[in-house]
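pasting the sequence and the predicted coordinates here, then a few questions.
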Amino acid sequence: MDYLLQVKIGALIGLLLLTLLFGFIPAKVRWFRDTNGTETHRTVLSLISCFAGGVFLAACLLDIIPDYLSDITAELNSRKVETSFPLPEFIMAAGFFTVLILERIVLNCREMGVAQEERAPLMPDNRNGHGHGHGISPDLESSGHHVHVDFQAHSPFRSFMLFLSLSLHSVFEGLAIGLQNTDSKVRQKVFHLMLKVSF
């Protein structure tokens, strides 16, 4: 077997194991799953989430977007496509807003189903003369206003979209490793990916 192919296969297996290790730590460690922790526990989890969000934002701004812009610009130049319209940025923004609009539509449909349950009165109104008054003003009850408390701020749909995006990104990063033609480029790409995965 060719040495370059061995390096690529070893790199992909190593990246898979490293991703699984860091992916399963929050799922298996009870401290991360505790939702009724102390104020300090919630603060530490919030800081960890903020740090992870910063890593994802930095990966997007410093790695994914520059790679995308350089690659698509090279492809447009090779096809001799010349335009004053910022086509690469438009494609990127269209993809972002497509995902955002789809997420908003799904979340709104889900919230409309929950809103119907929240508008139902807490105690049924007995109109047969034997019931007791429940003290709820008819004006307030019929106004349709309700207080919505989101006990699950981390929606499963958002988690799924993040998981899907990271999975697709990993597939394309694996393809990028497979397309490298020297072992030094493979090692450089793998080191770069391992830094991103570990954070």
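Yep, it's here.

give me the low-pLDDT residue ranges for the chain?
Along the chain, segments meeting pLDDT under 70 span 1, 35, 114-155, 157-158, 195-199.

where do the helices sit along it?
Assigned helices in the chain, in chain order: 3-28, 30-33, 39-59, 65-78, 87-119, 138-142, 156-179, 183-198 (criterion: DSSP state H).

want to try TSV for those helices, with mean neighbour count as columns?
Just so you know, the C-beta spots here come from the backbone N, C-alpha and C atoms, and that holds for glycine as well. What follows is the helices of the chain, written out as TSV (neighbours: other C-beta atoms under 10 Å):
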stretch	mean neighbour count
helix 3-28	13
helix 30-33	10
helix 39-59	12
helix 65-78	12
helix 87-119	11
helix 138-142	10
helix 156-179	13
helix 183-198	15
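
residue closest to the middle of the chain?
Leu162 (2.2 Å; C-alpha atoms, centre = their mean).

from Ile64, how far off is that one?
14 Å (C-beta to C-beta, to the nearest Å).

same check on Thr73?
15 Å.

same check on Arg79?
Relative to Ile64, and taking C-beta to C-beta, Arg79 is found at 22 Å.

those two - which one has more neighbours?
More crowded of Arg79 and Ile64, by other C-beta atoms under 10 Å: Ile64, with 16 against 8.

ok, that one - contacts?
The contact partners of Ile64, by C-beta atoms under 8 Å, 6 or more residues apart in numbering, come to His169.

state the distance from it to Gly95.
11 Å.

again with Gly113
28 Å.

again, but for Leu5
Distance from Leu5 to Gly95, by C-beta to C-beta: 33 Å.

what do you get for Leu57?
Distance, Leu57 to Gly95, by C-beta to C-beta: 17 Å.

same deal with Thr43?
35 Å.
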